[in-house]
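Engineer: No sequence on hand, only this structure:
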């Protein structure tokens with residue numbers, strides 16, 4: 001069966017460097033037919049000269065992620081619309097995995113898993129969303145895709161940085177609600193889909209790596225700069241979905257949770273004691289504004305899209321390539337890996353230190369996935385803190401673990417290993 005044509009919408013504001021890295025990673029995806037729509041500000045437009053003619057560009061100068069996404073939906077010509085944040089790095093197998101469930105016509109939406117910044121632990125996996133704006137983890141039996149049906153007041157949570165929805169349904173629903181300027185926007189959509197009894201696929205194999213970057217609302221270390229929109233969005237959400245619940249109690253509980261979060265940051269010296277009161281005042285002001293914010297009825301997005309414009313004239317077919325190195329050889333091997341990436345290979349460099357440090361992951365601007373950690377250390381959260389491996393055993397283990405996401409087709413893989421002899425620890 002021919003895969004559905006997909007439009008990937010990326011909203012970016014004030015982070016042109018992150019946007020460029022996101023596009024570089026997205027371009028490695030092996031889906032045969034996808035286009036890219038970037039909705040951004042003047043700064044983002046200026047940074048996209050290298051992508052001219054390959055992506056569709058739309059402008060949004062207002063700090064409202066729902067409005068920006070709706071602009072992207074109207075410009076999308078695919079049967080399915082997928083969404084990424086500008087600080088997200090999708091694995092090469094992400095889009096093919098995320099959109100595979102749409103072969104079933106009863107599937108309306110899909111969501112994948114999200115790793116935290118720089119490590120291999122999970123930030124978000126399967127969750128349910130409720131009418132009071134809360135969420136709860138869903139425990140799946142295995143890592144296979146599962147299709148779930150929501151119901152009124154209980155939706156299947158998808159993350160805005162890793163989700164897809166059928167375009168026709170999304171447009172008919174009016175897209176995202178602009179009353180949510182950056183928070184709870186996708187959760188509101190999940191509840192609206194649930195009210196229709198829509199089916200949502202949870203796809204563990206659709207993985208993006210999410211970064212923590214500076215923004216007007218939070219610092220890189222996740223310390224909030226402003227809680228106004230969190231308070232406002234929650235007040236709007238409760239008006240939309242929780243008219244039969246005690247909204248004041250829910251708002252009080254959220255305020256207490258935000259206070260605990262701020263006190264934690266204060267204890268670690270990230271903010272001063274006086275900052276706590278100021279940030280909570282912002283939350284209270286947001287709640288007051290959100291209680292009065294106009295709630296318009298969402299009109300269908302009926303702007304006809306332009307013709308479909310695939311990112312690649314010919315889908316990339318370069319094989320997946322793995323290289324491994326000791327730390328003192330990493331720079332030279334990275335240059336070698338970058339040369340493979342320039343030829344269209346999905347390239348991973350594994351750097352193993354002769355110790356048990358935890359593994360980290362980054363994506364080099366030249367298109368190379370770089371995993372670094374101890375030969376005896378953990379890579380995944382549930383791994384033991386120490387496990388004795390030979391060098392070649394650990395390399396083979398990490399390649400096998402990543403096969404599904406880095407080399408989803410698995411047909412023409414090249415496994416290019418170091419010429420070094422296995423090293424004896426120096427201790």
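Structural biologist: Now that the structure is in, tell me what you want to look at. Please read these numbers as outputs of a predicted model, since none were measured by experiment. Numbering: from 1, shown residues only.
Engineer: ok, which stretches of the stretch 301-427 of the chain are strands?
Structural biologist: Here the stretch 301-427 of the chain has its strands, by DSSP state E, counting those that start in this stretch, at 320-325, 346-353, 360-363, 368-374, 414-415.
Engineer: and the fourth one, what other elements does it pack with?
Structural biologist: When contacts are defined as 3 or more C-beta pairs under 8 Å, 6 or more residues apart in numbering; DSSP states H and E, strand 368-374 packs onto helix 330-342, strand 346-353, strand 360-363. The C-beta positions use only the backbone N, C-alpha and C, and glycine is treated the same way.
Engineer: For residue 273, which of the ones you listed is the nearest?
Structural biologist: For residue 273, the closest of the helices and strands packed on strand 368-374 is strand 360-363, at 32.9 Å, according to C-beta to C-beta.
Engineer: what sits against the spatially most central residue of the chain?
Structural biologist: In the chain, the residue lying closest to the centroid (C-alpha atoms, centre = their mean) is residue 161, at 3.4 Å. The contact partners of residue 161, by C-beta atoms under 8 Å, 6 or more residues apart in numbering, come to 83, 84, 85, 87, 88, 114, 208, 210.
Engineer: doesn't residue 87 make contact with the last one?
Structural biologist: Yes. Using C-beta atoms under 8 Å, residue 210 makes contact with residue 87 at a distance of 6.6 Å.
Engineer: still on that earlier bit, what are the phi and psi angles of the closest residue to the residue nearest to the centre of the chain other than its chain neighbours?
Structural biologist: In space, and not counting its chain neighbours, residue 161 is closest to residue 85: 4.0 Å by C-beta to C-beta, 6 or more residues apart in numbering. Reported as degrees, to the nearest 10, the phi and psi values for residue 85 are phi -90, psi 160.
Engineer: How about residue 183?
Structural biologist: According to degrees, to the nearest 10, residue 183 has phi -130, psi 140.
Engineer: Out of the contacts of residue 161, name the ones that lie in strands.
Structural biologist: Using DSSP state E, the members of the contacts of residue 161 that fall in strands are 83, 84, 85, 88, 114, 208, 210.
Engineer: hang on, the earlier thing: redo the strands of the stretch 301-427 of the chain as JSON lines? Include mean pLDDT, distance to residue 255 and mean neighbour count.
Structural biologist: Shown next, in JSON lines, are the strands of the stretch 301-427 of the chain (pLDDT from 0 to 100; distance: least, C-beta to C-beta, whole Å; neighbours: other C-beta atoms under 10 Å):
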{"stretch": "strand 320-325", "mean pLDDT": "95", "distance to residue 255": "48", "mean neighbour count": "24"}
{"stretch": "strand 346-353", "mean pLDDT": "97", "distance to residue 255": "44", "mean neighbour count": "24"}
{"stretch": "strand 360-363", "mean pLDDT": "94", "distance to residue 255": "35", "mean neighbour count": "17"}
{"stretch": "strand 368-374", "mean pLDDT": "97", "distance to residue 255": "40", "mean neighbour count": "21"}
{"stretch": "strand 414-415", "mean pLDDT": "38", "distance to residue 255": "53", "mean neighbour count": "14"}
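Engineer: sorry, back to before: output the ones in strands among the contacts of residue 161 in CSV, with neighbour count, distance to residue 38 and pLDDT appended to each entry.
Structural biologist: Listed next are the ones in strands among the contacts of residue 161 as CSV, based on neighbours: other C-beta atoms under 10 Å; distance: C-beta to C-beta, whole Å; pLDDT from 0 to 100:
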residue, neighbour count, distance to residue 38, pLDDT
83, 26, 12, 98
84, 27, 10, 97
85, 23, 12, 94
88, 24, 13, 94
114, 20, 20, 96
208, 26, 16, 96
210, 19, 18, 90
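Engineer: secondary structure class for the residue lying closest to residue 263 once chain neighbours are set aside?
Structural biologist: Spatially, and ignoring its direct neighbours in sequence, residue 263 is nearest to residue 276 (6.6 Å; C-beta to C-beta, 6+ apart). With DSSP: H, G, I helix; E, B strand; the rest coil as the basis, residue 276 sits in helix.
Engineer: correct me, but residue 276 touches residue 259?
Structural biologist: Yes. Contact criterion C-beta under 8 Å: residue 276 and residue 259 qualify, at 7.0 Å.
Engineer: from what I can see residue 32 touches residue 5, true?
Structural biologist: No. The pair residue 32 and residue 5 does not pass the contact test of C-beta under 8 Å, sitting 9.2 Å apart.
Engineer: Who has more neighbours out of those two?
Structural biologist: Using other C-beta atoms under 10 Å as the criterion, residue 32 and residue 5 rank with residue 5 on top: 19 against 16.
Engineer: so where is the chain shaky, pLDDT-wise?
Structural biologist: Within the chain, the stretches with pLDDT under 70 are 1, 212-218, 220-221, 408-427.
Engineer: Name the residues of the host helix or strand of residue 18 that come out as buried.
Structural biologist: Using DSSP states H and E, residue 18 maps to helix 16-26. Neighbour counts over helix 16-26 (16 or more other C-beta atoms under 10 Å) mark 16, 18, 19, 20, 21, 22, 23, 24, 25, 26 as buried.
Engineer: Please state the offset of it from the chain centre?
Structural biologist: 13 Å (C-alpha atoms, centre = their mean, to the nearest Å).
Engineer: contact partners of that helix?
Structural biologist: 8, 10, 12, 36, 38, 40, 43-44, 46-48, 50-51, 55, 84-90, 95, 211, 213, 311, 363, 365, 367.
Engineer: Quick one: the strands in the stretch 151-300 of the chain, in order.
Structural biologist: Taking DSSP E, counting those that start in this stretch to define them, one finds strands in the stretch 151-300 of the chain at 154-157, 163-166, 199-210.
Engineer: Same list (these) but as a markdown table, adding distance to residue 127.
Structural biologist: Listed next are these as a markdown table, based on distance: least, C-beta to C-beta, whole Å:
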| stretch | distance to residue 127 |
| --- | --- |
| strand 154-157 | 4 |
| strand 163-166 | 12 |
| strand 199-210 | 9 |
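Engineer: right, so of the ones you listed, which gets closest to residue 131?
Structural biologist: Nearest to residue 131, of all those, is strand 154-157, at 7.6 Å by C-beta to C-beta.
Engineer: elements contacting the closest one?
Structural biologist: strand 107-115, strand 127-130, helix 185-195, strand 199-210.
Engineer: same thing but 7 Å
Structural biologist: For strand 154-157, the packing partners by 3 or more C-beta pairs under 7 Å, 6 or more residues apart in numbering; DSSP states H and E come out as strand 127-130, helix 185-195.
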